[in-house]
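Asks: what's the 3D shape of this:
(chains A, B, C and D)
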Protein chains: 2
Amino acid sequence: MTGIEVPREANKRLQDAPLRRKPTINDVAKLAGVSFGTVSRVLNNAPDVSASTRERVLQVIKDIGYRRNRAATALVTSRSTSIGIVSDGSPRFGPVGTLMALENVARKKGYATTVISVEQPYAESVQAALDTLDDTGVGGIIVIAPLVDMAAAVWNASCRVPVEMIAAGASSTPNVFTYSENQELGARLATQHLVDLGHTDIAHFAGSMDWFDGRVRKRGWEAALRDAGLAPGLCLEGDWSPRWAYETALQLVREDTIPQAIFAASDHTALGLIRAFAENGIRVPDDVSVVGFDDIEGSDYFMPPLTTVRQDFTALALMSMEVLLGAMEGLEVDRTPTAPTLVVRNSSIHATSHHIHSPKDTRAAPKQ
Amino acid sequence: MTGIEVPREANKRLQDAPLRRKPTINDVAKLAGVSFGTVSRVLNNAPDVSASTRERVLQVIKDIGYRRNRAATALVTSRSTSIGIVSDGSPRFGPVGTLMALENVARKKGYATTVISVEQPYAESVQAALDTLDDTGVGGIIVIAPLVDMAAAVWNASCRVPVEMIAAGASSTPNVFTYSENQELGARLATQHLVDLGHTDIAHFAGSMDWFDGRVRKRGWEAALRDAGLAPGLCLEGDWSPRWAYETALQLVREDTIPQAIFAASDHTALGLIRAFAENGIRVPDDVSVVGFDDIEGSDYFMPPLTTVRQDFTALALMSMEVLLGAMEGLEVDRTPTAPTLVVRNSSIHATSHHIHSPKDTRAAPKQ
DNA sequence: CTTGCTTTCGTAATCGTTTACGGAAGTTCC
DNA sequence: GGAACTTCCGTAAACGATTACGAAAGCAAG
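Replies: Residues are numbered from 1 along each chain as shown, chains lettered A, B, ... in the order given. Down below sits the predicted model:
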């Protein structure tokens, strides 16, 4: 492999200090001419140390590049500066976005994060994850539990340190603090948008009911319809995949029961169904309006650019961390769900702009 | 928030053991009627312990739920059971895929992973990340460095523990082991596929040259063209975004210099340019063949389904971890790049199947 | 000059392990 | 029956920090 050239100012640095023993608090003490106790005090900026010695010690620390050994500190104080994160291993949009955001706010608050992902069956793997996290000495744990089964495993698990769960719409129990993005609101936003556009026949291509997100988004859609005084629309339950949406939509065109408007539980779902329609001469938004959920990268360049719902993962992470940190210190922080936003693009238009091509009356389509 | 019902067999467990002191090796010893030394021996399954006592100790351990305190172990052995991962904070496809895969293999090898993401300016943040990771006592560090600047920062940083860098096509230096997916091969595969299809005018919508991936994929495209005896094609350098690809493609149609075939540096890039074409009545693959790179979720439901290149992140992670673990024990593991695979779908067809609509002769288009 | 109070710093114990060392049984052999 | 080994297990020191306690030095007041 030929290698791309890269600027290096001093490419020897990494080789410089191979495995030299790390300086300890004692080394610093000797160099500074004080006892290790004094060094410890300046490290924890305790008051009982004169300005001059503090200055001197600090200088030595900087000079020899001393850094505190966390294992030792953790051992004696039994409080830690790291928090654990457990996630399902999926590279799905929501979980990953949350994960990255969590790492970010944790780092900014001075915590290191150690992450463990779990896999089926959850009962064992979740408990194991909690245990190893506990072993590594985390002060608290956040579990990203998009799956209902996984959340159940968390409820049934035991753990010494506080556990905070991010699970959309799940109920909290005494010792596991759950927090969730207000995805039901997102679904309502999407559906209401369609209602505002004058659509009365609004179907839902749902996600998997194994996921909180799937359940909650469906609930939001139902609620919005109800609030608008509309009859319940057609609801198809899928698995988030474009493939499922594609095939399901194909079925709809075969039966000629295409709704006026569709709220898709995810952008990927929307992608699949839009293609099925396109292949059959049914155009979005001219013949049917579609709204997605997630605002994945590229959804603004779908054909057509997708109207969708965006979540604020950073806000979610910030809030969750706040709650966990609070729990670690035994105090209660109130959790206000962060609100998703609707981003309107080209896949949804007013009902009156629809071509006559759309089916006569499917408003009475059977539910589920 | 109303809360979704979830099965719980014993929803009190989490509340059971709030902050009860963790049992220590001494507790076990007392219960088992042996000395702590013996317990330690069974813990590290040393030979000098009779089957019967080992059995007894093991039983006690299980009974009281003893688990080793990692801080104490780390302190005395100064070897650790965790590895650090630093990544750029981006939720981009490649880095995230690698990250998840790394966590997975690490866990399966019995290592916990603590991840830190860095941001510009890299010189400081990379060194800081390496330091905090070192503080937490990791045995080695893997840095996912898709950005050239970031890799440079790693080269110039110093670290006591072995650092392994995942940077496509970067050259290694003595103490930082770099490993990379053979993306150049991927790009060659894509381009060669287009060549095999009879195309002679193959352009490249490149990624950002700030990224190794961008540089290496471009190099692969160039090489494939050269090997096929074709003149260098048009190369446009972008930033991975659909937006850039869209606007650039628009420019091409305006100038009526649309190539026969395009190798897009990423699926997102392909998405953008395909839409620009579609809006102007230029069809893929009928008028121009397109190949992407990444195989992101949904690319099989683009319009048309995208021919693309898929990397094997799991293999990459496995190999990298192997190398790092080797380095941690001072031995050299040879690194064979894992090969990406071409997945052929509908966005690329044979040149002779193209409509006459395609431009007369752009083969001599100026490079860059 | 002694007493007593502050300020500043040193000392010892401790956290939960690992590991080197040594001692007590038990076994084998002449 | 004792020497020489094994086999098994207990003890002590160490890892690198924190923290409570106490001592030394400085100063003010009587």
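
Asks: gap between the residue in the stretch 251-368 of chain A that DNA strand C sits nearest to and B:Pro146?
Replies: Closest residue of the stretch 251-368 of chain A to DNA strand C, C-beta to the nearest atom of the strand: A:Met328 (18.7 Å). C-beta: built from backbone N, CA, C; applies to glycine. Distance, A:Met328 to B:Pro146, using C-beta to C-beta, to the nearest Å: 34 Å.

Asks: Neighbour count for the two, which is higher?
Replies: Remark: of A:Met328 and B:Pro146, B:Pro146 carries more neighbours, 23 against 18, as counted by other C-beta atoms under 10 Å in any protein chain shown.

Asks: My guess is the more buried one contacts B:Gly214. True?
Replies: No - assessed by C-beta atoms under 8 Å, B:Pro146 is found out of contact with B:Gly214, at 9.0 Å.

Asks: and chain A, what are its domains?
Replies: By the assignment in automatic domain parsing, chain A contains the domains A:20-68, A:79-180+A:314-338, A:183-307+A:344-353.

Asks: Those residues of chain A touching DNA strand C, which are they?
Replies: Proximity of chain A to DNA strand C, by C-beta under 7 Å from any atom of the strand, involves residues A:33-38, A:41, A:47-54, A:72, A:75-76, A:78.

Asks: Go again with 10 Å.
Replies: A:29, A:32-42, A:46-54, A:56-57, A:71-78, A:135 (C-beta under 10 Å from any atom of the strand).

Asks: Now intersect those residues with the helices, please.
Replies: Using DSSP state H, A:29, A:32, A:36-42, A:51-54, A:56-57, A:71-77, A:135 are the members of those that sit in helices.

Asks: Report the buried members of these.
Replies: Buried members of those, scored by 16 or more other C-beta atoms under 10 Å in any protein chain shown, are A:29, A:32, A:36, A:38-42, A:53-54, A:56-57, A:71-75, A:135.

Asks: of these, list those near chain B.
Replies: Counting by C-beta under 8 Å from any C-beta of the partner chain, A:Ala71, A:Ala72, A:Ala74, A:Leu75, A:Asp135 from these sit close to chain B.

Asks: Next up, identify which helix or strand the residue nearest the centre of chain A is on.
Replies: Among the residues of chain A, A:Thr98 comes closest to the average C-alpha position under C-alpha atoms, centre = their mean, at 2.2 Å. Per DSSP states H and E: A:Thr98 is located in helix A:93-108.

Asks: Give me the distance between A:Leu230 and A:Gly292.
Replies: A:Leu230 is 20 Å from A:Gly292, by C-beta to C-beta.

Asks: ok, these two, which is more surrounded?
Replies: A:Gly292 (30 against 17).

Asks: my read: the more buried one touches A:Ile262, true?
Replies: No - counting by C-beta under 8 Å, A:Gly292 does not reach A:Ile262; the two are 9.4 Å apart.

Asks: any shared contact partners between these two?
Replies: A:Ala270 (C-beta atoms under 8 Å, 6 or more residues apart in numbering or on different chains).

Asks: hmm, back to that, quick one: check the helix or strand that the helix holding A:Thr98 is followed by for contact with DNA strand D.
Replies: Sequence-wise, the next helix or strand downstream of helix A:93-108 (DSSP H and E) is strand A:112-118. No - Strand A:112-118 lies out of reach of DNA strand D by C-beta under 10 Å from any atom of the strand, never closer than 16.0 Å.

Asks: any idea how far DNA strand D is from the residue lying closest to A:Trp211 once chain neighbours are set aside?
Replies: In space, A:Trp211 comes closest to A:Pro146 once its chain neighbours are excluded; the distance is 5.3 Å by C-beta to C-beta, 6 or more residues apart in numbering or on different chains. Separation of A:Pro146 from DNA strand D (C-beta to the nearest atom of the strand, to the nearest Å) stands at 38 Å.

Asks: what's the answer for A:Pro162, then?
Replies: Taken as C-beta to the nearest atom of the strand, the span from A:Pro162 to DNA strand D is 20 Å.
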